[in-house]
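Colleague: let's see this in three dimensions:
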Amino acid sequence: MHKSWRAYGMLLGIALLQSIYFYPQLPETISVHYNAQGVADNWSTKGTFFLLYALVIGLMLALFTLIPRLIRTLPSALINLPNKEYWLAPERRDQTLDSFANQMRWFGVAVIAFLVAVFQLVLSANLPGSAGFPTTLAILALGAFLLFTVAWTIRMLMAWRIPRP
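Modeller: Got it, this is the predicted structure:
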């Protein structure tokens with residue numbers, strides 16, 4: 001089993017534990033959106049919030065799992081990949097698509113980790129006695145995700161160069 005699948009499992013476990021822990025502590029109506037100053041400007045029932053949380057996490061997991069499987073079924077002409085003639089040659093196609101699937105799973109792990117972090121900030125901001133939404137932590141989470149995205153993109157581009165003999 002790839003480490004990325006274990007990471008997905010860990011993140012899904014964290015999301016489940018968050019839900020079990022926070023649901024009984026929250027008021028029936030919670031703030032679910034904040035402006036740039038961290039002031040709540042949209043509200044929802046906690047039931048709707050947790051349903052949305054599950055749907056968003058489930059959708060991301062499905063997308064990052066199914067897209068590589070879908071790409072595997074496409075003819076090479078429909079796949080946009082640097083140096084695709086080399087990487088999608090019949091002798092390398094399976095290994096290339098396995099590598100691509102693994103890289104997509106890791107990006108999915110990063111997306112879900114970011115979402116779990118943001119949902120944690122929203123949950124914490126809604127607890128009785130909370131100081132409000134921690135905008136600084138949200139910006140740090142976004143910055144970490146963007147940094148990962150840049151590094152991941154560079155790594156992807158480097159991975160698809162044609163190796164030197």
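
Colleague: ok, D98 - contacts?
Modeller: Residues near D98 by CB atoms under 8 Å, 6 or more residues apart in numbering: none. Glycine gets a C-beta too; all of them are placed from N, C-alpha and C.

Colleague: now do the one 3 residues further on
Modeller: With contacts defined as CB under 8 Å, 6+ apart, A101 is in contact with P68, R69, R72.

Colleague: closest to T135 among these?
Modeller: Distances from the contacts of A101 to T135 were compared by CB to CB; the smallest belongs to P68, at 35.1 Å.

Colleague: the closest one is in what secondary structure piece?
Modeller: For P68, the host element (DSSP states H and E) is helix 46-73.

Colleague: give me the contacts around stretch 151-160.
Modeller: By CB under 8 Å, 6+ apart, stretch 151-160 touches L81, P82, N83, W87, S99, Q103, W106, F107, A110.

Colleague: could you check how far the most centrally placed residue in the chain is from I139?
Modeller: Among the residues of the chain, the one closest to the centroid is V111, at 1.6 Å (CA atoms, centre = their mean). Distance of V111 to I139, computed by CB to CB, to the nearest Å: 18 Å.

Colleague: from the contacts of stretch 151-160, which two are the most distant?
Modeller: Distance extremes for those: the farthest pair is N83 and A110 at 24.9 Å, using CB to CB.

Colleague: those two - which one has more neighbours?
Modeller: Each of N83 and A110 has its neighbours counted (other CB atoms under 10 Å); A110 has more, 19 against 11.

Colleague: in the helix or strand containing that one, what's buried?
Modeller: Using DSSP H and E, A110 sits in helix 93-125. Along helix 93-125, these residues count as buried under the neighbour rule (16 or more other CB atoms under 10 Å): 96-97, 99-101, 103-125.

Colleague: residues contacting T65?
Modeller: So T65 contacts R105, G108 (CB under 8 Å, 6+ apart).

Colleague: try T29
Modeller: Counting by CB under 8 Å, 6+ apart, T29 touches W43, S44, T45, K46.

Colleague: can you tell me which of the residues you listed is nearest L52?
Modeller: Nearest member of these to L52, counting by CB to CB, is S44, at 7.6 Å.

Colleague: where does this structure have low pLDDT?
Modeller: The model of the chain has pLDDT under 70 over residues 1.

Colleague: show me what stretch 111-123 is in contact with.
Modeller: For stretch 111-123, using CB under 8 Å, 6+ apart, the contacting residues are 8, 11-12, 14-15, 18, 22, 26, 30-32, 49, 53, 56-57, 60-61, 64, 133-134, 137-138, 141-142, 144-145.
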